[in-house]
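A.B. asks: Need coordinates for the below:
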Amino acid sequence: MASPNEDGVSPPPLSSSDILAVEETEEEKIQRLGRERPPCFKSAWSEVVFVATVAMSQILTEFFVSGFNILLPTVTNELHIPTSSSVWPATAFSLSIASTLLIFGRLGDQYGAYIVYTSGLAWLLLWSLVAGFSQNALMLIFCRALQGLGPAAFLPTGVQLIGSSYRPGPRKNIVFSIYGSAAVGGFFLGIFCAGMIAQFTQFGWYFWVGAILTALTLALAIFAVSNDREKAKEYHNEMDWVGAGLILSGVVLLVFSLTDSAHRGWQTPHIPTLFSVSVVLLLIAFYYEGWVAKSPLLPSDIFTVPPATPLYLSIFVLYGTVGMYLLYGTQYFEAVMGASPLQIVAWYSPMAIGGFVLALGEGLLLHFVPGRILLIISGCGAVGAQLLLALVPVGGSYWAYIFPSMVLGTIGIDLSITLVMVFVTTQLPLARQGLAGGFVNSVLQLGMAFQIGLADIIRAKTEPYAGTVQSYKNVFYFGVAAGALSLVILAWKGKVAAASADLTADEKAQLQRAATRESQKVDGH
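C.D. replies: Coordinates of the predicted model:
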């Protein structure tokens with residue numbers, strides 16, 4: 001019971017929050033804040049709707065990537081697309097995303113995530129509707145490229161929304177694991193819908209189903225995501241248009257020249273010309289961003305936090321193996337193993353189910369298991385998945401080869417991507433969250449587009465003398481080599497600590513500035 005004060009009036013009893021504030025240490029406070037619902041969400045329901053909305057952005061992206069690989073044989077037949085051009089409807093989407101993610105990430109930091117995120121959803125909705133009416137290869141490729149601008153806008157700002165809403169700690173880890181598991185759900189939803197559509201109706205419905213899902217996501221986003229336009233003004237971010245133009249042009253020309261060389265050859269004059277121009281543009285971009293730009297699109301602090309650079313390189317290689325697995329694994333199952341579209345859907349189900357469980361489970365492990373262990377396991381999974389596809393004989397057992405390959409495949413990607421998302425958004429301040437999301441997703445998508453281009457060269461150049469079956473196996477052996485390279489980098493340089501509750505990057509910077517001022521005062525005396 002409270003004692004009376006000097007006036008004889010008893011003070012009100014301390015509330016539980018007052019007692020907690022008095023008794024808890026700074027470390028305990030950090031741990032508590034890392035587990036609590038952020039104050040930007042007024043209720044548990046508002047947080048649930050927000051997480052579901054952002055997770056849908058992952059579902060939509062994977063829907064339009066994985067499903068189209070299943071649908072590709074049907075599309076090429078219906079639109080009479082020649083084999084030499086069949087890779088472009090699949091590649092155009094990823095290339096469009098990869099080459100513009102940084103631009104949209106910076107726009108998210110400059111104007112706020114809300115406007116860029118919702119605009120990306122609206123854009124994807126429009127071009128998904130149009131893509132369903134494609135009459136020829138050119139129209140389809142054009143629509144797929146324009147579709148890619150939608151995810152390029154909402155992927156980095158989706159990461160920005162999560163990174164700016166949650167403090168480092170278990171709650172943030174779980175939300176990012178849900179975000180990662182949504183990609184697995186979108187992957188399976190894509191192949192399921194594509195398999196059903198390829199089996200029973202015309203390909204346009206694949207795009208229209210995706211448009212319906214996009215419309216639902218847009219409606220949720222308008223109400224669930226707060227408009228952060230005014231907050232973004234405080235950071236005074238500026239767009240580096242020169243750097244953006246150089247990087248965009250260089251990346252597009254590089255991937256285009258590598259992919260097109262698979263069927264036209266390096267003797268075709270425009271291939272080496274465009275490749276050379278792309279290298280020159282990227283070298284100029286490197287110099288401009290590092291030494292000329294006042295507000296570079298790629299600021300140095302993205303790379304200086306250890307072990308950021310080797311981590312980016314490893315996931316660039318690692319995600320490329322996933323692209324090869326999905327595209328050429330699907331083609332191999334259908335062309336060589338004689339699987340129907342619905343059978344392929346069934347074959348991929350272990351990857352979807354396992355990935356969903358794995359991604360959610362990782363959210364519970366990230367705050368106390370060292371990241372390096374998870375990264376090494378991820379690299380081993382990538383190697384094993386590709387190796388089993390390379391070794392499977394014609395008519396081989398699904399349970400002996402394909403099933404374990406699917407399990408290893410989901411280990412190969414899900415563990416590493418969620419971890420990298422948490423790492424990058426935790427290390428960078430609020431003013432860079434959009435750029436952080438843009439950069440990580442750009443690395444992933446570029447890795448996929450770049451290595452699919454190389455894989456297409458390997459398959460096209462070795463098929464005439466090695467045969468169709470061996471040409472696919474050569475691609476899978478290339479995937480083994482890429483996975484092994486990623487594993488070496490992760491084991492050697494992937495020193496990532498457990499993602500436990502901690503101060504934010506802005507709080508650490510504020511403490512550092514305060515310590516510097518105190519030091520200067522002491523030196524002044």
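A.B. asks: Domains in this protein, by residue range?
C.D. replies: When the chain is parsed with automatic domain parsing, its domains come out as 41-239+297-506, 240-296.
A.B. asks: mean confidence for the last one?
C.D. replies: This points to domain 240-296. For domain 240-296, the mean per-residue pLDDT is 89.
A.B. asks: Of the domains of the chain, flag the one that's most buried.
C.D. replies: For the domains of the chain, the largest average neighbour count (mean count of other C-beta atoms under 10 Å) is found in domain 41-239+297-506, namely a mean of 21. From N, CA and C alone the C-beta is placed, and that goes for glycine too.
A.B. asks: P89 and P82 touch, don't they?
C.D. replies: No: with contact defined as C-beta atoms under 8 Å, P89 does not reach P82; the gap is 11.9 Å.
A.B. asks: Low-confidence regions, this structure specifically.
C.D. replies: Applying pLDDT under 70 to the chain picks out residues 1-23, 83-84, 262-263, 524-525.
A.B. asks: what's near enough to touch the spatially closest residue to L129 that is not a sequence neighbour?
C.D. replies: Excluding the flanking residues, the one nearest L129 by C-beta to C-beta, 6 or more residues apart in numbering is A211, at 4.9 Å. Contacts of A211 were listed using C-beta atoms under 8 Å, 6 or more residues apart in numbering, and they are 125, 128-129, 132.
A.B. asks: quick one: A211 from L126, how far?
C.D. replies: According to C-beta to C-beta, to the nearest Å, A211 and L126 sit 8 Å apart.
A.B. asks: ok, now R37?
C.D. replies: On the measure of C-beta to C-beta, R37 and L126 end up 35 Å apart.
A.B. asks: before we move on, back to that, would you turn the domains of the chain into TSV with distance to E27?
C.D. replies: Output for those, formatted as TSV (distance: least, C-beta to C-beta, whole Å):
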stretch	distance to E27
domain 41-239+297-506	9
domain 240-296	36
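A.B. asks: Figure out which of these is closest to R513.
C.D. replies: domain 41-239+297-506 (10.6 Å; C-beta to C-beta).
A.B. asks: tell me how far the ends of that closest one are from each other?
C.D. replies: End-to-end distance for domain 41-239+297-506: 21 Å, by C-alpha to C-alpha, to the nearest Å.
A.B. asks: ditto for stretch 162-170
C.D. replies: 13 Å.
A.B. asks: swap in stretch 291-307?
C.D. replies: Start-to-end, stretch 291-307 (C-alpha to C-alpha) is 23 Å.
A.B. asks: I would like the residues contacting it, please.
C.D. replies: The contact list for stretch 291-307 (C-beta under 8 Å, 6+ apart) reads 102-103, 106, 237-240, 242-244, 247, 288-290, 308-309, 312, 424, 427-428, 432, 435-436, 439, 493-496.
A.B. asks: show me where the stretch 401-525 of the chain has strands.
C.D. replies: Using DSSP state E, counting those that start in this stretch, no strands are found in the stretch 401-525 of the chain.
A.B. asks: before we move on, back to that, narrow the contacts of A211 to those in helices?
C.D. replies: Taking DSSP state H as the definition of helices, the contacts of A211 contribute 125, 128-129.
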